[in-house]
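K.L.:
Just the structure for this:
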Amino acid sequence: MDIDEAVRGARLVAADIEHSTGFPTEVGSAYDAEWRRFGEQTGRPEPDGWVSITVREVGTSAALDPTEPGSDTAAEFAMELVRILQDDIQIHLREPWPKDPAGGALEPTDAGWRSRVDREYLVPYGQLGRFSSR
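P.N.:
Now for the predicted structure:
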């Protein structure tokens, strides 16, 4: 996947976080000194590409190398990021996020946020603010 498509996916997640929680969210594509230190500490080689998303108010961030196998679309990349971030956001809010109108939290899928109860209920990434609120 190219960087632009991955950044688009990260921006979809950022929009969902901002619209449903009000938390400012940053998206970047630089493998900066902070990520470089983390990579050195974990023994990871420098990535060929890098896209990160940070929610400072929650104290969490996630980053992936979009050139690695796994995602082919912006929505699939968004799902990968959400799987990293969702628990931290829920812990910070002390409630399910994003809320499923049928109860609990919506689950991330490669097409968007899906209800665990009503499998027909699907909110595309980037559209969460239009369909639900916290």
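K.L.:
now the helices: where do they sit in this protein?
P.N.:
Counting by DSSP state H, the chain has helices at residues 3-21, 33-42, 74-93, 128-131.
K.L.:
deepest of the ones you listed, which one?
P.N.:
Per-stretch averages of neighbours, counted by mean count of other CB atoms under 10 Å, single out helix 3-21 among the helices of the chain, with a mean of 22. In this view, the C-beta of every residue, glycine as well, is placed from N, C-alpha and C.
K.L.:
Give me the mean pLDDT for that one.
P.N.:
What helix 3-21 shows for mean pLDDT is 96.
K.L.:
circling back to that earlier point, let's have the helices of the chain in TSV, adding distance to residue 61.
P.N.:
Shown next, in TSV, are the helices of the chain (distance: least, CB to CB, whole Å):
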stretch	distance to residue 61
helix 3-21	11
helix 33-42	9
helix 74-93	8
helix 128-131	19
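K.L.:
pLDDT weak spots in this protein?
P.N.:
Within the chain, the stretches with pLDDT under 70 are 130-134.
K.L.:
Mind doing that once more with 90?
P.N.:
The model of the chain has pLDDT under 90 over residues 30-39, 42-48, 69-70, 128-134.
K.L.:
Enumerate every residue touching residue 14.
P.N.:
Neighbouring residues of residue 14 by CB atoms under 8 Å, 6 or more residues apart in numbering: 25, 26, 27, 53.
K.L.:
among those residues, who's most crowded?
P.N.:
Greatest neighbour count in the contacts of residue 14, by other CB atoms under 10 Å, goes to residue 53: 25 neighbours.
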